[in-house]
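J.: Have a look at this prediction, sequence included:
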Amino acid sequence: MSDVTLHHGAEHAAEPHEHGHHHPFLQHHFEDLGQQHEASTLGMWFFVAQEILFFGGVFCAYFVYRAMYHDAWKLGSHHQDWKIGAVNTIVLIGSSLTMALAVWGAQAAKRKFTTLMLVLTLLLGGIFVGVKGYEYSVHIHHGLFPGAQTYTNLESTPELTRGVELFMTFYFTMTGLHALHMIIGAGLLLWFIKRTWRGDFGPEYYSPVEIMGLYWHFVDIVWIFLFPLLYLV
Amino acid sequence: MRNTETMTNPHVPTKTAEHADHIGHAPAHHRSSLVSYFAVFITLMVLTIVTVWVSRIDLGAMNTAVAMAIAIVKATVVILWFMHVIHSPRLTWIIVIASFLWLAVMFVLFFADYSTRGWPLS
C-alpha cells in the first residue's frame, strides 16, 4: 500500500499525465494492470487451493468417523434443525450472489451499487453467523457439546452417547472453522466497503474486489458440503 | 474497456483511451452478464431444495453419495461462474484442477488405508 500513498501526491493531481503509464494502484514490478490482475487472482487461487486441502483433511476425518459411528452420526444430525440449516444455506448463497454482483459493479465503476452489494453481503454474512450463534446456544443448552455428556447418558446407551459427542466435536470443529472464515471475511468486507466508497475501483482496477469474491465464494462452497453432512445424515 | 467517468476518487487520474490500450497486455477482462449471475443463484437454490428433498427418501448408503454429487455440482457452478474460472486463463484452470486432484489423492490414499485395516474399526 505504500506506493499508493506515494502516488497520492498533489503534484500528481496537477500533472496527471506525468506518469503516463502508471495507474496509482499499479505496483512497479508489474508491466501493466492486466498482468497485475492475472498475478493477483492466480495468487489467490493458490491460497484457495491450500484452503481446499485444509478443509479436505477435516472432511476425510469426518468420513472415517462417520463410517465407524454410523448410528451415532444419524442421531447426532437429528439433533440439528435442518430447517435452520436450510435457511442459512439460502442466506449464504444469497450473500454469494450479492458478492458476485459487487464484482460486476466494481468492473463498471458503479460506486454506489458496488458499495450497496458489499453492505448486503456483509449483512447476509452477519445473519448467517448470528443464526449459527443461536444454534450453538441451543446445543449448549441441551448439553450437546464435547465434554458435557461424559457423566450423563443423553442417548440410550453410553456408546451412542459417546458417538453423538464425537459427532458434535466434528460439528463444532467444522462449523467453527467455517464461521471463523466468515468473520475474517466480514472484516475484509468492511475494508472493501470503505475502499469502494472512496472510489478506488473501476474497469482497469478491480482485482481486490475480485479476490475478495474468490474468498467469499470459497467459504460458501465449504458450507454447501457441510449442510448435507451435518444436518441431513 | 469502459471509461471511469463515474469514479470519484480525485487521486486516480482519468485514463485516456491510449492508456486503456496499453492495458491490453493480458487478455481483456471479461464481464459476465447479470442474467448469468441470477441464473447461477436460481440453480443453487433449486439444488438446495433437491438436496433436502432427496435426503428424505431412504436410499440407504446411496443417500450420502447423492448428497455429495449434488454438492459437487453446486460447487462446480460456483467455481465456474461466481468465481469466473470459465473466463479465466489456462494457468488458473491448472491451479483449480490441481487443487482438486490433490484433494482426490488425499481422499483415495486416506480411505485406501482405512478400508484395508479392518474398517470400520469398532
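T.: In hand now; what should we look at?
J.: residues in contact with the most centrally placed residue in chain B?
T.: For chain B, the residue sitting closest to the mean C-alpha position, by C-alpha atoms, centre = their mean, is residue B:79 at 0.9 Å. Contacts for residue B:79 were tallied using C-beta atoms under 8 Å, 6 or more residues apart in numbering or on different chains; they are A:217, A:221, B:85, B:96. Quick note: C-beta positions are derived from backbone N, CA and C, even for glycine.
J.: same check, this time on residue B:55
T.: Residues in contact with residue B:55, defined by C-beta under 8 Å, 6+ apart, are A:82, A:228, A:232, B:63, B:67.
J.: Taking chain A, what residue is nearest to chain B?
T.: Closest contact between chain A and chain B, by C-beta to the nearest C-beta, is at residue A:34 (2.9 Å).
J.: Secondary structure class of that residue, three-state.
T.: helix (DSSP: H, G, I helix; E, B strand; the rest coil).
J.: gap between it and residue A:165?
T.: Separation of residue A:34 from residue A:165 (C-beta to C-beta, to the nearest Å) stands at 53 Å.
J.: Those two: who's more crowded?
T.: Comparing residue A:34 with residue A:165 by neighbour count (other C-beta atoms under 10 Å in any protein chain shown), the higher total belongs to residue A:165, at 22 against 18.
J.: helix or strand for that one, which one?
T.: Residue A:165 is part of helix A:158-197 when elements are defined by DSSP states H and E.
J.: remind me which residues of the chain are low pLDDT?
T.: I went with chain A, as the question did not name one. Along chain A, the model assigns pLDDT under 70 to residues A:1-21, A:149-154.
J.: nope, chain B
T.: In chain B (pLDDT under 70), the answer is B:1-29, B:119-122.
J.: tilt between the host helix or strand of residue A:222 and helix A:158-197?
T.: Residue A:222 is part of helix A:207-231, with elements assigned from DSSP H and E. Interaxial angle, helix A:207-231 versus helix A:158-197 (axes from the mean of the first three to the mean of the last three C-alpha atoms, to 10 degrees): 160 degrees.
J.: What is helix A:207-231 packed up against?
T.: Under the contact definition 3 or more C-beta pairs under 8 Å, 6 or more residues apart in numbering or on different chains; DSSP states H and E, helix A:207-231 sits against helix A:33-68, helix A:82-107, helix A:111-141, helix A:158-197, helix B:34-55, helix B:62-77.
J.: Have a look at chain B and report its longest helix.
T.: Of all segments of type helix in chain B, defined using DSSP state H, the longest is helix B:90-115.
J.: Out of the contacts of residue B:55, the closest to residue A:42 would be?
T.: Using C-beta to C-beta, residue A:228 is the member of the contacts of residue B:55 that sits closest to residue A:42, with 31.3 Å.
J.: State the phi and psi torsions of the nearest residue to residue A:79 once chain neighbours are set aside.
T.: Ranked by C-beta to C-beta, 6 or more residues apart in numbering or on different chains and with sequence neighbours excluded, the top spatial neighbour of residue A:79 is residue A:144, at 5.6 Å. In terms of degrees, to the nearest 10, the main-chain angles of residue A:144 are phi -100, psi 60.
J.: just to revisit the earlier point, can you give the distance of the helix holding residue A:222 from its chain's centre?
T.: Relative to its chain's centre, helix A:207-231 lies at 5 Å (C-alpha atoms, centre = their mean, to the nearest Å).
J.: Tell me how many other residues surround residue 53.
T.: Picking chain A for this. By other C-beta under 10 Å, neighbour count at residue A:53 equals 14.
J.: My question was about chain B, not that one.
T.: 9.
J.: where's it relative to residue A:81, distance?
T.: According to C-beta to C-beta, residue B:53 stands 17 Å off from residue A:81.
J.: which residues touch residue 57?
T.: All of this refers to chain A. Applying C-beta under 8 Å, 6+ apart, the residues near residue A:57 are residue B:106.
J.: wait, I meant chain B there
T.: residue B:63.
J.: so it is in which element?
T.: Here residue B:57 is assigned to no helix or strand, by DSSP H and E.
J.: Show me which of the contacts of residue B:55 is closest to residue B:118.
T.: Taking those together and measuring to residue B:118 by C-beta to C-beta, the closest member is residue B:63, at 24.8 Å.
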